[in-house]
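**Student:** Have a look; sequence and predicted model below, questions after that.
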Amino acid sequence: MSPGDGPDRSVRTAVEGRLGFVPDAFQVTAFDALDGGRSVLVSAPTGSGKTAVADYAIARALADGRKAFYTTPLKALSNQKFAELAATYGYDRIGLLTGDVSHRPDADVVVMTTEVLRNMLFARSPQLAGLGLVVLDEVHYLQDPYRGSVWEEAIILAPADVVLVCLSATVSNAAQLGAWLRAAHGPTEVIVEGHRPVKLHDHLAIAERGSRRVDLVPLLSKRRLSPQAAALDQRLARLTRRPGGVRQSPLAVPRRTEIIEALSDRDMLPAIVFIFSRAACDDAVRQCLDDGLRLTTPAERNEIRQRCEVRTEGLPDDELRVLGYGQWIAGLEAGVAPHHAGMIPAFREAVEECFTAGLLQVVFATETLSLGINMPARTVVIERLTKMRQHGRAGLTSGEYAQLTGRAGRRGLDSVGHAVVVWSPSVSVTELATLATSPAPELTSSFRASYNLAVNLVRRYAKDQAYEILDRSFAQFVSTDHHHALSRRMDRALRLLERRGHVDLEAWRLTASGALLAHIYHESDLLVAEALAGGLFDGLDPAGLAAVVSACTYEVRAGRWHPEPRPPKDVAPRLHALVALGERLRSDEEEARLERTRAPELGFAEVAWRWARGERLARVLERAELAPGDFVRNAKQLVDLLHQLGSVAPDPATASTARRAADALQRGVVATSIGPPVVDADSPDEVPVGSPPGASGQGPGGLHRA
């Protein structure tokens with residue numbers, strides 16, 4: 001059937017009608033490729049409309065009577081995509097699988113994290129029956145050093161008759177990535193779009209010390225340093241030669257409220273201000289409130305409050321007080337809000353919803369907001385051009401700059417978008433211009449042979465087939481040397497697994513403990529499997545099991561001070577035994593020249609134990625010395641692993657205890673953060689996935705209804 005004939009035309013007409021704009025050439029090219037039964041790789045700037053291709057692919061799959069999976073790298077993205085697809089196709093046709101959420105897993109379209117897809121492919125899940133489409137959103141995540149392997153494994157293992165729609169931010173080696181997709185999976189059309197649908201103007205914000213007037217100096221003209229920026233560069237060069245240098249000059253770093261007022265005067269709001277510090281994001285909102293900044297109308301303030309009440313429904317008053325609800329909503333009602341991982345998901349989602357609805361004018365965010373969440377603004381402000389990394393502070397890369405500024409310019413609302421960098425004495429105008437005009441970086445592979453991958457290859461494939469799968473990785477496609485390194489790593493991993501009793505290499509089969517390891521999908525998979533097989537998780541009550549297992553999921557934030565762990569006395573011996581097991585494993589890995597498994601961390605054990613026992617949030621957070629968002633995230637990661645143990649633990653009593661521990665953790669702020677509001681087909685009420693019974697319609701009281 002040719003494009004445009006028969007049902008194809010009706011599907012395309014329906015999708016184009018939802019877009020609200022005439023499809024661009026790159027979208028039409030992708031539609032045509034999908035009509036021809038080919039997979040596609042679409043590389044395009046943020047905000048250019050890549051998801052329209054996914055929308056069309058889903059509509060085609062459903063019209064053909066096939067199922068579609070939509071994968072994302074982040075649970076927050078999965079929640080957002082679930083809501084979007086449910087609004088389009090109806091809640092009864094959309095499912096959600098994110099490890100800690102299982103909602104309608106047999107639906108026509110299932111949104112999931114990429115890890116869930118990879119695990120289903122290895123398990124050869126019955127849910128793969130009838131699958132016709134897999135969307136791999138943010139496929140450039142395959143270079144992520146910690147989780148990138150998952151994307152490559154999913155692509156390699158996907159059935160040949162499944163169409164792949166791979167969506168990526170702009171990368172300079174898209175042709176190479178597309179060539180690998182063709183080799184690894186089948187016919188794939190590479191579609192590269194370099195044009196932004198909304199033109200971007202780059203500026204440098206600088207203030208005059210006396211008047212405090214903020215100037216927005218245009219940075220570029222025809223992709224070169226603009227005359228105004230060149231003049232500023234020369235002025236700064238002259239000032240550096242004077243006594244006291246630039247710091248004693250009439251130039252000053254603009255204050256946050258001054259920048260916001262300057263943007264407001266120039267009709268450049270709404271804006272996202274990127275600050276690479278959670279505490280600084282919160283401080284920025286407080287500064288705006290202290291300075292009396294108010295950017296909303298009474299009607300907008302009323303709607304903001306209503307939306308926030310819906311998002312936080314089910315949270316009791318005492319938890320809202322602990323979470324700083326009053327201060328948080330005061331900022332939102334003024335039109336400003338923070339957005340960072342230290343906030344609970346319900347707060348972040350409320351900010352996203354209000355901003356997308358045009359109710360907020362300024363969001364102070366860490367860079368996590370740039371990673372896929374659909375939340376464009378007219379202007380993006382970058383406070384500084386350096387950020388903390390694992391080994392200290394370093395400058396932004398051209399890819400990071402492009403990712404951050406990709407939020408600037410709302411298609412259909414703005415004729416141009418604006419990127420504003422805040423000047424400081426450390427900012428070089430010419431270096432900033434180079435950063436803004438440098439090409440996107442090349443995508444690289446982070447594929448590695450994990451223990452779980454190794455045992456699943458033994459379980460599912462003959463020896464020569466197992467190594468053939470390694471050969472199909474992007475790493476091997478790019479570099480033969482990398483291939484040899486992968487094979488050597490696989491050999492070393494298998495020898496270690498044999499030495500520790502998980503595989504019989506001569507017979508090429510798994511032992512009982514190896515079969516257990518094959519079903520554990522976790523960063524510390526081998527440690528968890530050996531602890532489980534060795535009985536370290538047996539004979540505990542739910543709170544005790546949560547405490548011990550938390551040592552495998554918790555990780556201290558790099559560069560952050562943390563208090564000395566105070567594990568509950570009842571489980572301290574188990575925790576110390578787990579640490580000893582981890583030390584023995586790490587020693588063997590070092591001897592085998594393998595990347596060492598992360599050592600168990602005891603810092604969340606007491607927190608998990610107290611929360612699972614039903615203690616109040618204020619007490620738990622006080623003992624935790626964690627931001628609320630970090631507490632929720634760690635609790636959800638623990639719930640995820642406990643669910644796995646509840647399915648695979650050899651001892652039925654331990655499996656039951658793991659399930660009860662997961663249930664005990666899913667209460668209060670953790671339960672309301674499990675997933676997006678879901679409208680049940682039989683009820684108009686909105687209930688968060690995983691909410692406790694009776695959560696619908698129960699307001700938390702005075703704090704909400706004042």
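**Tutor:** Right, received. Where do you want to start?
**Student:** tell me the centre residue of this structure?
**Tutor:** Per Cα atoms, centre = their mean, the C-alpha nearest to the average position across the chain is that of Leu74, at 3.2 Å.
**Student:** Double-check it against Thr113; I have them as touching.
**Tutor:** Yes. Contact between Leu74 and Thr113 holds when scored by Cβ atoms under 8 Å: they sit 7.4 Å apart. (C-beta placed from N, C-alpha, C; glycine too.)
**Student:** low-confidence ranges in the chain?
**Tutor:** Along the chain, segments meeting pLDDT under 70 span 1-8, 99-100, 245, 247, 370-372, 388-392, 481-483, 557-563, 673-706.
**Student:** The longest strand along it pairs with which strands, parallel or anti?
**Tutor:** Secondary structure of the chain per DSSP state E: the longest strand is strand 199-208. Here strand 199-208 is paired, per DSSP bridges, with strand 214-218 (antiparallel), strand 251-252 (antiparallel), strand 416-422 (parallel).
**Student:** for the last one, the distance to its chain's centre please.
**Tutor:** When C-alpha coordinates are averaged (Cα atoms, centre = their mean, to the nearest Å), strand 416-422 and its chain have centres 24 Å apart.
**Student:** what's that strand in contact with?
**Tutor:** Strand 416-422 has contacts (Cβ atoms under 8 Å, 6 or more residues apart in numbering) with 196, 198-205, 216, 219, 253-254, 259, 263, 268, 271, 376-385, 404-405, 408-410, 427, 432, 436.
**Student:** Among the residues you listed, which lie within strands?
**Tutor:** Reading strands off those with DSSP E, I get 199-205, 216, 271, 379-382.
**Student:** Give me the buried entries from those.
**Tutor:** The neighbour-count test (16 or more other Cβ atoms under 10 Å) marks 200-205, 216, 271, 379-382 as buried among the ones in strands among the contacts of strand 416-422.
**Student:** Tell me the one of those residues nearest Trp609?
**Tutor:** The closest of these to Trp609 turns out to be Ile382 (Cβ to Cβ; 41.5 Å).
**Student:** hang on, the earlier thing: export the strands paired with strand 199-208 to TSV and append columns for distance to Arg241.
**Tutor:** As requested, the strands paired with strand 199-208 are exported to TSV (distance: least, Cβ to Cβ, whole Å):
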stretch	distance to Arg241
strand 214-218	21
strand 251-252	15
strand 416-422	24
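**Student:** closest to Arg566 out of the ones you listed?
**Tutor:** Closest approach to Arg566 among those (Cβ to Cβ): strand 416-422, 41.6 Å.
**Student:** how about the CA coordinates for that closest one, as PDB?
**Tutor:** Once non-C-alpha atoms are left out, strand 416-422 reads as follows in PDB (Å, rounded to 0.1, in the frame of the first residue of the first chain):
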ATOM      1  CA  VAL A 416      12.000  33.300  18.800                       C
ATOM      2  CA  GLY A 417      13.400  31.800  21.900                       C
ATOM      3  CA  HIS A 418      16.100  33.300  24.000                       C
ATOM      4  CA  ALA A 419      19.100  31.900  25.800                       C
ATOM      5  CA  VAL A 420      20.600  34.200  28.400                       C
ATOM      6  CA  VAL A 421      23.900  33.600  30.200                       C
ATOM      7  CA  VAL A 422      24.500  35.600  33.300                       C
END
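**Student:** List the buried residues in it.
**Tutor:** If you call a residue buried by 16+ other Cβ under 10 Å, then strand 416-422 has these buried ones: 417-422.
**Student:** Dump the residues you listed to CSV, plus distance to Leu585.
**Tutor:** Below are those laid out as CSV (distance: Cβ to Cβ, whole Å):
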residue, distance to Leu585
Gly417, 50
His418, 52
Ala419, 47
Val420, 49
Val421, 46
Val422, 47
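**Student:** And the furthest pair within those residues?
**Tutor:** Farthest-apart pair in those is Gly417 and Val422; separation 17.2 Å (Cβ to Cβ).
**Student:** Check the burial of Ala25 by counting its neighbours.
**Tutor:** Neighbours of Ala25 under the rule other Cβ atoms under 10 Å: 10.
**Student:** Repeat that for Ala485.
**Tutor:** Ala485 is flanked by 15 other residues according to other Cβ under 10 Å.
**Student:** Let me see the contact set for it.
**Tutor:** Applying Cβ under 8 Å, 6+ apart, no residues contact Ala485.
**Student:** what's the helix or strand for it?
**Tutor:** Secondary structure assigned from DSSP states H and E places Ala485 in helix 480-499.
**Student:** And that helix, what's buried?
**Tutor:** Buried, per 16+ other Cβ under 10 Å, within helix 480-499: 482-483, 486, 489-490, 492-494, 496-497.
**Student:** now could you export just the CA positions of that helix as CSV?
**Tutor:** The C-alpha trace of helix 480-499 is given here as CSV (Å, rounded to 0.1, in the frame of the first residue of the first chain):
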residue,chain,number,x,y,z
THR,A,480,37.0,-3.6,16.8
ASP,A,481,39.3,-2.8,19.8
HIS,A,482,36.2,-2.2,21.9
HIS,A,483,34.8,-5.5,20.7
HIS,A,484,37.9,-7.4,21.9
ALA,A,485,37.6,-5.6,25.3
LEU,A,486,34.0,-6.6,25.5
SER,A,487,34.8,-10.3,24.8
ARG,A,488,37.6,-10.3,27.3
ARG,A,489,35.3,-8.7,29.9
MET,A,490,32.7,-11.3,29.2
ASP,A,491,35.2,-14.1,29.6
ARG,A,492,36.4,-12.7,32.9
ALA,A,493,32.9,-12.2,34.2
LEU,A,494,31.9,-15.8,33.3
ARG,A,495,35.1,-17.2,34.9
LEU,A,496,34.3,-15.3,38.1
LEU,A,497,30.7,-16.5,38.0
GLU,A,498,31.9,-20.0,37.6
ARG,A,499,34.3,-19.7,40.5
